[in-house]
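>>> With the sequence up front, the predicted model follows.
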Amino acid sequence: MFSIPAFLESLVPLFWAARYTLLISVGGIALGLVIGTLICAARLSRSRFLRNFGALWVSFLRGVPLLVQLLVFYYSLPLIGLDVPAMVAAIVTVGICASAYISEIWRGAINALPPGQAEAAVAIGMTPRDVWGRVILPQAVTMSLPALINELILLVKASSLVSVVGILEITRASQAQAATTFRPLEVYLAAACIYLLINLCLAALGRWLEYRTAV
Amino acid sequence: MQASAVEIQKVNKYYGPFHALKDVDLSIPPGRVTCLIGPSGSGKSTLLRCMNFLEEYDSGEIRIDGKLIGYDAPGRRMAGRALREMRRSIGMVFQQFNLWPHMTARENVAEGLIRVRGLPKADASARAAEALAKVGLADKMENHPARLSGGQQQRVAIARAIAMEPRLMLFDEPTSALDPELVGEVLSVMKTLASEGMTMVVVTHEMGFAAHVADRVAFMERGELVAADTPDRILHQPQDPRIQSFLRTYHERNSF
């Protein structure tokens, strides 16, 4: 029998665990945005070395599952003498992995802009900095928003993988909960509801941002 | 004889093995309208784009008011800053308008004044309003490009260029992307500019405009400048068989 009280009771500790899910996702996307922007700049740069480096970065990180990246990263840290909290290791790994996708999102948006947009700015005598800052990037950011929100939602779900390095986020917390209450269906359904709630909020945030930046 | 606004000498341009401009010589007189005509792929847009170095030329010289553009000396590229300095006084209008979609008409025009000329925002905005009024768009200033017709967008693009107070205006097929009924409003703005003595170089397929507004017409084919003369001598008494054949095709296409 499905027990509604058991379902409701498990919501509370899982909400608590959602802090870590959110921290990892938001930290991951923030780091991913910074690194992804740099990688995108490298891929668009004139230097052949930087372009190749960017291409390698993207193909490796996209080609290896996040779960494997997490394990490799986590277990290689002690080898180089670094004692990093699991949380930090998780955010860094998730951020690095996201950077590969984010740099491709940026690159796609920038390449999708008609070359005439930059030409009009160059012809009027704008500096490269203004051409990028005033003409290319504002449009690229607007165009990327749906894809970035998509990536953020994927990260929230992918954050369940960091349970393998011992972080008590939603998925790991629900496993623990299920093991003590013997009510797995109720607990996992509660977990599903919390993930859904988070992602519906993110989707709404995305719609609001798109609406605000629409012309 | 007055010095040329643009002096083009022995200009060559290659795209890989393709010889796009072949020893082109042309001088553009100041205060006049020069039309560049010719079949598509003849190099007229390329030549125009070399005049503000949006396109690099490989050899030869292009001088704007006597100053070499793009190079300090043959083969030595000009510093970005010096090139930007020169581009400030060369306005350009594109076939696809190239308005910035995230800015209103007024912001499109003010942007260059703020960023390039360093005007305070209020002054730039006031000047943008003047320029837009001049092209007949005083009532559309706060519209984004998406809310304007093609003809209106192109007039905003012209306002954006003239607000910078250029000494030379380059038009790259300004009416080719427009629906036929919208061509007139753009040409009429261009006529007004011409009557005020603006130096204009216009790549165009509008033979009517070339015949009635241009002071000089230059004909190009396969990267060569075939002839440059008065509109009458090029369009009504062409000597060169290549021009005759081009005009014949043009007339056939436009008769019904």
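Nice, thanks for sending it over.

>>> ok, and the closest non-adjacent residue to B:V226?
Distance criterion CB to CB, 6 or more residues apart in numbering or on different chains; nearest residue to B:V226, sequence neighbours excluded, is B:F219 at 4.7 Å. All C-beta atoms are positioned from the backbone trio N, CA, C, and that covers glycine.

>>> Look at the residue in the stretch 151-256 of chain B positioned nearest to chain A and give its secondary structure.
The stretch 151-256 of chain B approaches chain A most closely through B:M164 (6.4 Å), counting by CB to the nearest CB. Three-state call for B:M164 (DSSP: H, G, I helix; E, B strand; the rest coil): coil.

>>> List the residues that contact it.
Residues in contact with B:M164 (CB atoms under 8 Å, 6 or more residues apart in numbering or on different chains) are A:124-125, B:88-89, B:91, B:112-113, B:116-117.

>>> Kindly report the same for A:D130.
So A:D130 contacts A:121, B:115-116 (CB under 8 Å, 6+ apart).

>>> what's the answer for B:G60, then?
With CB under 8 Å, 6+ apart, B:G60 has these contacts: B:8-12, B:23-24.

>>> try 7 Å
Contacts for B:G60 (CB atoms under 7 Å, 6 or more residues apart in numbering or on different chains) come out as B:9-12.

>>> Now the buried members of those.
Buried subset of the contacts of B:G60 (neighbour count, 16 or more other CB atoms under 10 Å in any protein chain shown): B:V11.

>>> just checking, which of the contacts of B:G60 belong to strands?
Taking DSSP state E, the ones among the contacts of B:G60 that sit in strands are B:9-12.

>>> Chain A next: which of those residues are close?
Among the ones in strands among the contacts of B:G60, proximity to chain A is found for none (CB under 7 Å from any CB of the partner chain).

>>> mind pulling up the phi and psi values for the residue nearest to B:T204 when sequence neighbours are not counted?
Distances taken as CB to CB, 6+ apart place B:C35 nearest to B:T204, at 5.5 Å, with adjacent residues excluded. The phi/psi pair for B:C35 (degrees, to the nearest 10) reads phi -100, psi 140.

>>> For the most centrally placed residue in chain A, give its distance to chain B.
Computing the C-alpha centroid of chain A and ranking residues by CA atoms, centre = their mean puts A:I29 first, at 3.8 Å. To chain B, A:I29 is 24 Å away according to CB to the nearest CB, to the nearest Å.

>>> SS state for that residue?
On the three-state scheme (three-state DSSP), A:I29 is labelled helix.

>>> what do you get for B:L119?
Put simply, B:L119 is coil when judged by three-state DSSP.

>>> residues in contact with the residue nearest to it when sequence neighbours are not counted?
Nearest residue to B:L119, sequence neighbours excluded (CB to CB, 6+ apart): B:L113, at 4.6 Å. B:L113 sits next to B:119, B:124, B:127-128, B:163-164 when contact means CB under 7 Å, 6+ apart.

>>> try 8 Å this time
B:L113 sits next to B:119, B:123-124, B:127-128, B:163-164 when contact means CB under 8 Å, 6+ apart.

>>> ok, of those, which come out buried?
B:119, B:124, B:127-128, B:163-164.

>>> between those, which is nearest A:A55?
B:M164 (39.6 Å; CB to CB).

>>> Look at B:A133 and say how many residues are nearby.
13 (other CB atoms under 10 Å in any protein chain shown).

>>> now swap in A:L71 and tell me
15.

>>> so what's residue 8 closest to, chain neighbours aside?
Reading this off chain A. A:L8 sits nearest to A:A190 (CB to CB, 6+ apart), 7.9 Å away.

>>> um, chain B though
Nearest non-adjacent residue to B:I8, counting by CB to CB, 6+ apart: B:L26, 4.4 Å away.

>>> Against B:Q244, how distant is the one you found?
Using CB to CB, to the nearest Å, B:L26 is found at 21 Å from B:Q244.

>>> which of these two has more neighbours?
Neighbours were counted for B:L26 and for B:Q244 using other CB under 10 Å; B:L26 has more, 21 against 12.

>>> Pop out the phi and psi values for that one.
Phi and psi for B:L26, reported as degrees, to the nearest 10, are phi -160, psi 140.

>>> so who does residue 92 touch?
Answering for chain A, as no chain was given. By CB under 8 Å, 6+ apart, the contact set of A:V92 is A:31, A:73, A:84.

>>> actually chain B
So B:M92 contacts A:120, A:123-124, B:52, B:54, B:161, B:169-172 (CB under 8 Å, 6+ apart).

>>> So it belongs to a helix, correct?
No. With three-state DSSP as the criterion, B:M92 is strand rather than part of a helix.

>>> Which pLDDT does the model give the closest residue to it other than its chain neighbours?
Leaving aside its chain neighbours, B:M92 sits nearest to A:A123 (4.2 Å; criterion: CB to CB, 6+ apart). For A:A123, the pLDDT comes out at 96.

>>> Might one say that A:A123 is in contact with B:R88?
No. If you go by CB atoms under 8 Å, A:A123 and B:R88 don't touch, sitting 9.9 Å apart.

>>> which one of the two has more residues nearby?
It is A:A123, of A:A123 and B:R88, that has more neighbours when counted by other CB under 10 Å, with 26 against 19.

>>> who's in contact with that one?
Going by CB under 8 Å, 6+ apart, A:A123 touches B:52, B:54, B:87, B:90, B:92.

>>> Look up how far B:D172 lies from it.
A:A123 sits 10 Å away from B:D172, going by CB to CB.

>>> can you check A:S144 too?
For A:S144 relative to B:D172 (CB to CB), the value is 30 Å.

>>> try A:N150
For A:N150, the distance to B:D172 (CB to CB) stands at 38 Å.

>>> got it, and A:L196?
A:L196 sits 53 Å away from B:D172, going by CB to CB.

>>> So which of those two has more stuff around it?
Neighbour totals were compared for A:L196 and B:D172, and B:D172 leads with 25 against 10 (other CB under 10 Å).

>>> give me the beta-bridge partners of the more buried one?
Counting by DSSP bridges, B:D172 forms beta bridges with B:V203.

>>> dump the residue contacts of it.
Counting by CB under 8 Å, 6+ apart, B:D172 has contacts B:45, B:48-49, B:92-95, B:203.

>>> Format those as a markdown table; extra columns: pLDDT.
Formatted as a markdown table, the contacts of B:D172 follow (pLDDT from 0 to 100):
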| residue | pLDDT |
| --- | --- |
| B:S45 | 95 |
| B:L48 | 96 |
| B:R49 | 96 |
| B:M92 | 97 |
| B:V93 | 97 |
| B:F94 | 96 |
| B:Q95 | 95 |
| B:V203 | 96 |
